Every structure is written in C-alpha cells, then in structure tokens.
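Trainee: Quick check, what structure comes out for this input:
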Amino acid sequence: MRKTNFVVPAIAVMALGLMIFSGCGGGDSAGTSSTAGSHDDHDDHDHPSEGPHHGGLVELGNEEYHAELVHDDDAGTVTIYLLDSSAKSAVPIEATELLINLSHDGEAEQFTLASSPDAGDPAGKSSRFVSDDEELVEDLDHEGADAQLVVTIAGKQYRGEIEHDHDEEEHAHEDSDH
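Mentor: Numbering: from 1, shown residues only. Predicted structure coming up:
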C-alpha cells in the first residue's frame, strides 16, 4: 500500500510538470478563456482560443467548422460568425437563421439569430447571424446557464456547446483590444 500511495503523488507531480511545460491546460497569457469545444486531444495543429472578431469559439462537428460568439453588452447584441475548421475564414451558408437553445434555473428557452450578411458574403448567403434579444444577452451571463448552438451547414445539422465565461478578466482583455 505504501508504494501505491507514493506512486500516485509522483504521477500527479509528473503530470502537473508536463502541463506546465507543454502549455496545455495551464491557461493562456492572453487572459481569454476557451469556450465550447475544449480539446481533449492535443494534436499537432493549432487550437485558437478566440476568433477573428475576438469572440469565444464553439466547435461544430469534429472541428469541421467553428462558430465565433461575440457577446456585446454595450450594444445589447449576440453575434455568431460561422468559420472554417481553422477558425479563421468565414463560411457563408444559405440559412436565414441559427438557433441557440439555452437553459438556466430549470427553464429552457430557444433564441433565433437572424442572418446579417457580412460585406464579403455572396448574395443569398450569410456567415454572420445577430440577435438583439435582451433576454438572450442577459441569459448567457447567468451562472450555470447551459447553451447550445444549432446550425445546418451543407445539409448537415451541427450542435456546439457554448461555454460562455463572462468574467472581469475577459472584459479587461476585450477593453484592451478596442
């Protein structure tokens, strides 16, 4: 038994050392928090922590696509940008709306984000979807809120967990970028 008790702490110390030196799981220096789709498998490819508009990322499928959530309290809007697998380039789709299913305090709600094509989107397609629903803006900040993005891309439905950490550190980071 003593050997087991010694081995377990030794393994924990080694694992902690590996996390610190590898950079995975040790938090990032930018002060942002990873959003949905936390990556349990750390492959050789890059895992961005935020999208091109400085919003949190939502993984769709097996990183086939990403969505970027920009929650603007000042404007009272929630914007979703659809992005490619690298979370860098826009992916315009024919949909006229996206859905966010959200539950908190035992109540479930569904919110619609309407298409609002970006300047570079082709006619009849949109990579940007916006909602100015005050309830959605507020509910995303609720402690323990569980939110899921639902979108159909090229005939396939994707669902992505939205893990929205709206803390003071994130606000400080956002304020320094603008």
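Trainee: contacts and neighbour counts: CA atoms only from here.
Mentor: OK.
Trainee: for the helix or strand harbouring Glu135, which positions count as buried?
Mentor: According to DSSP states H and E, Glu135 maps onto helix 134-139. Judged by neighbour count using 16 or more other CA atoms under 10 Å, the buried positions of helix 134-139 are 136-137, 139.
Trainee: Check stretch 108-121 too.
Mentor: 111-117, 121.
Trainee: Pipe those into TSV and attach distance to Ser131 per row.
Mentor: As requested, the buried residues of stretch 108-121 are exported to TSV (distance: CA to CA, whole Å):
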residue	distance to Ser131
Phe111	8
Thr112	7
Leu113	5
Ala114	7
Ser115	9
Ser116	10
Pro117	13
Asp121	19
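Trainee: how about those residues in TSV, adding distance to Phe129, secondary structure and pLDDT?
Mentor: Output for these, formatted as TSV (distance: CA to CA, whole Å; DSSP: H, G, I helix; E, B strand; the rest coil; pLDDT from 0 to 100):
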residue	distance to Phe129	secondary structure	pLDDT
Phe111	12	strand	97
Thr112	9	strand	97
Leu113	5	strand	98
Ala114	5	strand	98
Ser115	4	strand	98
Ser116	5	coil	97
Pro117	8	coil	97
Asp121	12	coil	97
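Trainee: Out of the residues you listed, which is nearest to Leu69?
Mentor: Leu113 (11.4 Å; CA to CA).
Trainee: what's near enough to touch the closest one?
Mentor: By CA atoms under 8 Å, 6 or more residues apart in numbering, the contact set of Leu113 is 79-80, 97-100, 129-131.
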